[in-house]
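next one to model:
(chains A and B)
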Amino acid sequence: MQKDFVKFENVYKRYKMGEVTITAADGVNFSIDEGEFAVVVGLSGAGKTTVLNILGGIDSCDEGRILVGGKDISHLGKRDLASYRRYDIGFVFQFYNLVPNLTAKENVELATQICRESLDAEMVLDSVGLSERKNNFPSQLSGGEQQRVSIARALAKKPKLLLCDEPTGALDYNTGKSILKLLQNKCREDGMTVVLITHNSAITPMANRVISMRSGKVVSNVVNPSPKPVEEIEW
Amino acid sequence: MTPESCFSTFYQFSVTGYVSLHREKRKGKKQGALRKNTLREILRTKSRFIAIFAIIGISVGFFSGLKSSAPSMLATALQYFDDTKLMDINVISTIGFSEEDIEELHELSYVEQVMPAYFADLIVTKDNVDTVARVYSIPETTKTNHSVLNQPVLKEGRFPKGEGECVIEKYFLGMSGYHLGDTIEFNKAVEGKDTLSCIRHLSYKIVGVVDSPLYLTYLRGNTIIGDGTIAFYMMIPPEEFAFERYTMVYLRTEASHEAFNDLTQAYKDKVNDEKEQLEAFSQKCIERFNTTTLAEAQKELADARKEYEEKKAETLQKLKDGAKELQDGVQQYYEKTGEGRQQLEDGEKELQDGREKLAKGQAEYKKGMEEARQQLTDAQKQYDDGLAQYNAGKLEYDTRIDAAEKQLAAAQNEFNLQYQVFYTSTKPQAETKLSLLKLTIDLYSRGIITAEERLAKLKKEPFSERVQEEIRQLEEELAETRQKTAEYQKQYDDGMKQLADGEAQIKAAQQQLADAQLQLQTQKAEGAAKLSEAKNKLDQAEGQLTAGRTKYEAAMSEGMMELQEAQAKLLEGEAKLAAGQAELKEQTLQGQLAMKEGREKLANGRYEAHVQLGEAEEALHDAQQKIDSLANAKWMIYDRNDNPGYTGLEEDADRVDSIAQVFPVFFLLIAALVCFTTMARMVEERRTETGTLKALGYSNFSIAAKYLIYGGTAALAGSIAGAVAGEATLPFIIVSTYGIMYSLPPTILSIEWSSLILASVSGIMCICIVSFMAVYKDLKLAPAVLMRPKAPKPGKRILLEYITPVWKHLRFTSKVTARNLFRYKARFFMTVVGVAGCTAMMVAALGLRDSITSIADLQFRQLTKYDQVYALSKAGTTDQKAYLMSQFHADDRFENSLLAYMDWASIEKDKNGRNMQVRILFGDNREQFEQMFVLRDRTSHADVPLTDDGLVLTERVGEVLKLSVGDTVVLTLENERYSCKVTGFTENYAGSTGYMTPAYYEKITGKSPKYALVFTRTAEAHKSEEKEMANDLMKNEDIITVTSITDQVDTMMDMVKSLDFIVFVMIFCAGMLAVVVLYNLTNINIAERVREIATIKVLGFYSLETANFIYRESIVLTVIGGLCGLGLGNIFANFIVEAIQMDNVMFPKIISFWSYVIGFVLTIVFSLLVNFIMYFKMNRISMVESLKSIE
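Numbering: from 1, shown residues only, chains lettered A, B, ... in the order given. Predicted coordinates:
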């Protein structure tokens, strides 16, 4: 397992809102080892989404270096970033972002068709427990099921990094828990590096590493030597 | 502005809105915030606002601009007519007008201004080609009560100042090769009429160039001379005309008060009314003319005729007398000359006998002399032969004797020598030798004896050896000696014998020689005797010959003398005869001269008398004809509509208007559809806002107002901008394009407010209704429902998925595209309709162009296949024409030529219906006619038979007059009205023609046709020589003009070229519309699918892949729309073609394959252009913002 698989070095991100400049990432420094389940926790506006977006290659930083697997992605061009997203990153969103006009299976295929080495769409759907519903459209699926499709879509690409942006945010407690369990299993069983952001600090015990953020700064980066299984966590 | 900021702005707005709402509610200004909201909405969604603005702008601009084009065209023309004081009524009289007529016309209540004028149609020759020119008098005030109407506009140069100067029309100057300063030469005569009886000079210098309001287009009207077409008009001062009376009067009447409405029915009615009144008035003037001028002329003519008859009788009597006198003289002459001739004939006969005798004598003499000469010649020859023989014999004799003598002498000599040798040497030598031998022999004989003796002695001696030896020796010696002696003895005997022989030989030779000598002597004597005998004979013959010759010579001279005498006598006789003959000749000549003189005198007298009489008769005839023609005097009253090309203006304006009707309406329809989609999308986007406002307690109207104001403002602004742009460009462009055909001053804009307002209002109304409809749905819902985000349209299986074999084989992306297409059915429909409309418009525009450009080929290559038209003088006789035609037929540069009849006729179905001008045409040869004029049905191409029972009309005539086969029409031909049956309609595009057979013509008119045209078709190999051919044939006096089909094609192409521009405008506008529609729809598509696009971007789709995800649908829709548009375009094109048909031009309903291709490709190109623009927009979609949350 590579150490410092993900490394943020003095990363800055500023947004201009008219006259006002908001610094969303204010010199962020942290690192995550390969195969870790890292949780970035903080209040709304703490800059965790910004950090995730920058890490996921869907946003860029103004300053600093981001190393993923030893590769600096902070200065990649548009097309290289797209390739980076394509081959290295799996994204799970709060609102699933499934293409409504495609069935569960097709949504997964949408991702796999552009990858060089991808997993079989049906197999991935089986692995997230959606064997029965793979021919349903998103509108015919529950939130949890939709999020599973979303995770399947991310996993099918065989990414190096699975990034999850409040994956349970729009789900009820139990569904949220099952999703978290799925993610933890993927991390544990497949050795997938997972970075999850949440405002809910109650789920931090399940992580290998907990990164806390406030006002665009990393306030702590703690390694949890014995993460708890999701089932044991209550919030 | 980023979606995030939008969201936050909205959030802020919602809050502030809520706060301010309450604040403002208190202040009673509750709409302030909403207004602010609306304004902000506009600023925030600039592209949407601009899209509505543009689509309404284009529609309104196109509609109002096109709609104002026709009125502007007419306004320009009307202003021009008013400025130049164009006449309302134009009267031409067969008898002209007197000052008195003018005076009275002026007094008519409805007549405001009167301008008498002159005109004449004359023939101008340039480069061997004759053309017909209409010569007008320049409008100018000659008398106080004369006005100046139809004021020509001077374009270049000046008006004439001195004599022999003219101004010429601008249009013709450009194309004829004449230049300012050139001189126009008139033919001396026009169809037998002296040109100088019309105008004062035969040549006029061009000093100026003008445009007359009488001629709006290139059309110059028809005439009765030449080929019937006026090539150009020119003007000379009135005093240059040689007419006594005015030929024409122009009137400006009360109708002109309504000048600016003079294309209205009111004007037309008024003018028609005035024309009727004038018709009545004309009777008065004609009556006056009949009672004064005409009656006077008739009386004068009667007097002249009487005088003529008297003179004629007198002259004829004189001639009769003269003829009798001459007859007598001739009689006398013949009698006298007869006697002399008899005498001479006798003398001649005698002389002839003498001549014959002489000839006989001469012949006899000649023969006798000839015989004698022959005898003499024979004798001479005999003598000569004898002499020659003699001489030859003598010569032979001499030669022989000589030779013999010489031989003899030689023999003598030889003998002498032998003799001498023998006796001097041989004999003595031999004798010596012999004697020697004798001696020897003797010696040996003695020796022998001695030896014998000894021997014998020895023999007697005893026998001893020695003796034996001796004996043997002695016997040997003795044998030897005996042998030798025998030898010598023999030698000696031989020698003796030889000697004796030699002596005998000598003696024989001596004898021989003597014999020979004797023989020679004898021969000599014999030969000499013979020779002398011959000589004697010869001498005798010579004597005889000389005697004969002498005799012959004497006889000859005697005969000659006799003959000479006879000849002298004969000559004398001949001389006498000649003298007699000369005398007779002299007498005859004199007599004949006298007779000839007499005859000539008589003939001259007769000729002169006839010429004089003929002239007088002709003069009388002319006068009679003139009076006859004057007797049926008529006023021909015309109005502006009769000006060539005048009605065309209105028709052209109508045509532009027709196009203006169709397209803009369609434009507006598409605009409404697109706007609906746009507004619906907007309402959807603002769903939560609507809910919030509703929840806050705003009335439905207040909420809807936002959208109404938004749409309304865009539409209003678009209408204003579009109207300004449309009005400022289209009328000017279109009118000036038509200006190529019309000679009009600069365009005056006449806005058709009703259309403009109609377009604007309907545009705005459309948007408002559409906006309201879009928002109405939401307004009915509860705020709570509205505030929840509307669930995205759920995915659905489409029909295609159930057709598993097809679906299975589709690529993943194709499946997505297919499903998306059917997911948004409204947009699918909208895009297809919009694109189809644009394609259809382009196809229609291109199709219109195809139709226009194919006219020339169809008309002149497939239907009327002639290349040149030669106009013949109408006066020629049938024989002359037959001769002329034989020339045409003999000329192998013509593939075909047809003598034809052609005249203009007016055709009408019933008295009150429309009438049309058609040319009546038929050829004298059916076969050639059929080769040149194809009569066929347009759709089936089946032959339309031409029978002796009726008329075949060109299709368009039938359409305009609403005729069908079997109908009866009234034809006004050569000023007579005939009833004709229509037997068929033939395909035709340019011009209106009625075809018939010569037999039918004769049947209806009762006249035999006057053929005056020759249609020719040039052989392919001589196509380039048409000009020279024309020039060659123009040398023939019977050919007046030549028209080439190329000129006609050019003219026609000019005529339709103006439409080309409208086509371009249509394509341009359709293209703009296509761009706007596609832009708008693609824009909405992207807006609706921003999340989707962001998602696939996050998944790692590259820019192009992302774009393709969207474009695929757009391209499919464009292709479907384009294909639909092709069919729709066909319908459109047919509709327009129907709408713009002219009375005498039919547009073929043809759309070329390429027009479809171009229309389709252009649509695709516009679509790609829009997609290209959208590519950047899509690239700008931020993943971060789009995925943040659900609105």
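
what ranges does chain A have for its helices?
A:48-56, A:78-88, A:104-112, A:121-127, A:143-156, A:173-190 (DSSP state H).

close to chain B: what parts of chain A are there?
Neighbours of chain B within chain A, by Cβ under 8 Å from any Cβ of the partner chain: A:17, A:53, A:56, A:58-59, A:78-79, A:82-87, A:89, A:91, A:93-95, A:97-103, A:106, A:109-111, A:113-115, A:137-140, A:153, A:157. C-beta: built from backbone N, CA, C; applies to glycine.

so, low pLDDT: which residues of the stretch 701-850 of chain B?
Residue ranges of the stretch 701-850 of chain B with pLDDT under 70: B:737-741, B:789-796.

what of the stretch 301-450 of chain B?
In the predicted model, the stretch 301-450 of chain B carries no residue with pLDDT under 70.

burial of the residue in chain A positioned nearest to chain B, as a residue count?
Relative to chain B, the nearest point of chain A is A:Arg86 (2.6 Å; Cβ to the nearest Cβ). A:Arg86: 21 surrounding residues under other Cβ atoms under 10 Å in any protein chain shown.

just the pLDDT for it.
Listed pLDDT for A:Arg86 reads 89.

now the one 3 residues further on
Note for A:Ile89: predicted pLDDT of 89.

that one and A:Lys158 touch, don't they?
No. Counting by Cβ atoms under 8 Å, A:Ile89 does not reach A:Lys158; the two are 11.0 Å apart.

returning to that earlier point: what pLDDT is listed against the closest residue to the residue of chain A closest to chain B other than its chain neighbours?
Distances taken as Cβ to Cβ, 6 or more residues apart in numbering or on different chains put B:Gly1100 closest to A:Arg86, at 2.6 Å, once the chain neighbours are dropped. Note on B:Gly1100: pLDDT of 86.

B:Gly1100: what secondary structure?
Following DSSP: H, G, I helix; E, B strand; the rest coil, the label given to B:Gly1100 is coil.

show me the contacts for it.
Residues near B:Gly1100 by Cβ atoms under 8 Å, 6 or more residues apart in numbering or on different chains: A:82-87, A:89, A:114-115, A:157.

follow-up on the earlier one: would you mind checking the residues of chain A next to chain B for buried ones?
By neighbour count, with 16 or more other Cβ atoms under 10 Å in any protein chain shown, the residues of chain A next to chain B hold A:53, A:56, A:58-59, A:82, A:84-87, A:89, A:91, A:93-95, A:97-103, A:106, A:109-111, A:114-115, A:137-138, A:153, A:157 as buried.

re the thing from before, list just the nearest of the contacts of B:Gly1100 to B:Asp949.
Ranked by distance to B:Asp949 (Cβ to Cβ), the contacts of B:Gly1100 are led by A:Ile114 at 81.5 Å.

in this structure that closest one contacts B:Phe1101, no?
Yes. The criterion here is Cβ under 8 Å, and A:Ile114 meets it with B:Phe1101 at 6.4 Å.

got a list of what the most centrally placed residue in chain A touches?
Geometric centre of chain A, nearest residue: A:Leu163, 1.3 Å, by Cα atoms, centre = their mean. Contacts for A:Leu163 (Cβ under 8 Å, 6+ apart) come out as A:52, A:55-56, A:89-92, A:194-196.

equivalent analysis for B:Ala623, please.
B:297, B:300-301, B:304.

grab the nearest non-local neighbour of B:Arg1091.
B:Ser1186 (5.6 Å).

and the helix or strand harbouring the one you found, what other elements does it pack with?
Per DSSP states H and E, B:Ser1186 falls inside helix B:1183-1188. Secondary-structure packing of helix B:1183-1188 (3 or more Cβ pairs under 8 Å, 6 or more residues apart in numbering or on different chains; DSSP states H and E): helix B:3-27, helix B:1090-1098.

tell me, which of those is the model least confident about?
Across the helices and strands packed on helix B:1183-1188, helix B:3-27 has the smallest mean pLDDT, namely a mean of 41.

in the following helix or strand past it, what counts as buried?
Counting by DSSP H and E, the next helix or strand C-terminal to helix B:3-27 is helix B:31-44. For helix B:31-44, the neighbour count (16+ other Cβ under 10 Å) marks B:33-34, B:37-38, B:41-42 as buried.

format those residues as JSON lines; extra columns: pLDDT and distance to chain A.
Shown next, in JSON lines, are those (pLDDT from 0 to 100; distance: Cβ to the nearest Cβ, whole Å):
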{"residue": "B:Ala33", "pLDDT": "75", "distance to chain A": "21"}
{"residue": "B:Leu34", "pLDDT": "74", "distance to chain A": "24"}
{"residue": "B:Asn37", "pLDDT": "80", "distance to chain A": "19"}
{"residue": "B:Thr38", "pLDDT": "80", "distance to chain A": "22"}
{"residue": "B:Glu41", "pLDDT": "81", "distance to chain A": "19"}
{"residue": "B:Ile42", "pLDDT": "82", "distance to chain A": "19"}
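
so which pair among those is furthest apart in space?
Maximum distance among the buried residues of helix B:31-44 (Cβ to Cβ): 15.0 Å, for B:Ala33 and B:Ile42.

how near is whichever residue of chain B sits closest to chain A to A:Arg85?
Residue nearest to chain A within chain B (Cβ to the nearest Cβ): B:Gly1100, separated by 2.6 Å. For B:Gly1100, the distance to A:Arg85 (Cβ to Cβ, to the nearest Å) stands at 4 Å.

got it, and B:Thr485?
For B:Thr485 relative to A:Arg85 (Cβ to Cβ), the value is 180 Å.

tell me the confidence at B:Phe49?
With respect to pLDDT, B:Phe49 has a value of 87.

with the one 5 residues further on instead?
B:Ala54 carries a pLDDT score of 86 in this model.

in a helix, that's where it is, yeah?
Yes. With three-state DSSP as the criterion, B:Ala54 is part of a helix.

kindly check the end-to-end length of stretch B:693-701 for me.
11 Å (Cα to Cα, to the nearest Å).

buried sites along that stretch?
Neighbour-count burial for stretch B:693-701, counted by 16+ other Cβ under 10 Å, picks out B:693-694, B:698.

dump those residues to JSON lines, plus secondary structure, pLDDT and distance to B:Ile767.
Shown next, in JSON lines, are the buried residues of stretch B:693-701 (DSSP: H, G, I helix; E, B strand; the rest coil; pLDDT from 0 to 100; distance: Cβ to Cβ, whole Å):
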{"residue": "B:Leu693", "secondary structure": "helix", "pLDDT": "83", "distance to B:Ile767": "21"}
{"residue": "B:Lys694", "secondary structure": "helix", "pLDDT": "84", "distance to B:Ile767": "23"}
{"residue": "B:Tyr698", "secondary structure": "coil", "pLDDT": "83", "distance to B:Ile767": "22"}
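
can I get these in JSON lines including distance to chain A?
JSON lines is the format used below for the buried residues of stretch B:693-701 (distance: Cβ to the nearest Cβ, whole Å):
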{"residue": "B:Leu693", "distance to chain A": "25"}
{"residue": "B:Lys694", "distance to chain A": "25"}
{"residue": "B:Tyr698", "distance to chain A": "28"}
